[in-house]
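Q: Model the structure of this input:
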Amino acid sequence: MLLQWQVPGDLTSRRFGVAAYKNEEVMDQLRELSSLHEKSTVIQKALFRIPEAEDGKKIEIEVNDLYERLLSSHIGDRAKAMFRNGRALGTALGRISRDKDHKGHYRLRNSNGKSYWTIICDGGASGRDAAPEGETDEAQKGH
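A: Okay, here's the model as predicted:
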């Protein structure tokens, strides 16, 4: 009897024969832990640091200027650990821009051999871990 049982059409898949179940709660947690999410968060925090940053606020910046800004920001040590150089940052930006969770917030434009990225504030990362009004970057690092 079991040998004659057929897998229902909505549960079949070409790979392994059965469609995989993906728990949305677990998938959300995995996305939060992904390196792309972490890299996007660092970029967002460096560019849109103030808690009042509006969702949709944007900046266009050349990749090497962005790298310098990241290193000189309040999270420069973290940025340096993630991005060895401007080329590594550019590669990461390309991956982030293709990621379904970040796709609408990163756009590339090439001009005269340089890469310019338009980065749009996602409204989530900008306010977290930002130094409160009047607190210095050095004080923020100690928290």
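Q: In this protein, where is pLDDT below threshold?
A: 1, 14-19, 32-33, 50-55, 124-143 (pLDDT under 70).
Q: Mind jotting down where the helices sit in it?
A: 24-33, 35-47, 63-71, 76-82, 86-98, 137-141 (DSSP state H).
Q: Compare those and report which one is nearest to Gln6.
A: Minimum separation from Gln6 across the helices of the chain (CB to CB) falls at helix 24-33, 27.9 Å. In this view, the C-beta of every residue, glycine as well, is placed from N, C-alpha and C.
Q: could I get the helices of the chain as JSON lines with mean neighbour count?
A: Listed next are the helices of the chain as JSON lines, based on neighbours: other CB atoms under 10 Å:
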{"stretch": "helix 24-33", "mean neighbour count": "10"}
{"stretch": "helix 35-47", "mean neighbour count": "20"}
{"stretch": "helix 63-71", "mean neighbour count": "17"}
{"stretch": "helix 76-82", "mean neighbour count": "15"}
{"stretch": "helix 86-98", "mean neighbour count": "17"}
{"stretch": "helix 137-141", "mean neighbour count": "12"}
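Q: do you know which of those lies nearest Leu3?
A: helix 24-33 (32.9 Å).
Q: rewinding a little: output the helices of the chain as CSV; include the columns distance to Arg109.
A: CSV is the format used below for the helices of the chain (distance: least, CB to CB, whole Å):
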stretch, distance to Arg109
helix 24-33, 27
helix 35-47, 17
helix 63-71, 11
helix 76-82, 22
helix 86-98, 11
helix 137-141, 30
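Q: of the ones you listed, which approaches Asn112 most closely?
A: Across the helices of the chain, closest to Asn112 is helix 63-71 (CB to CB), at 13.2 Å.
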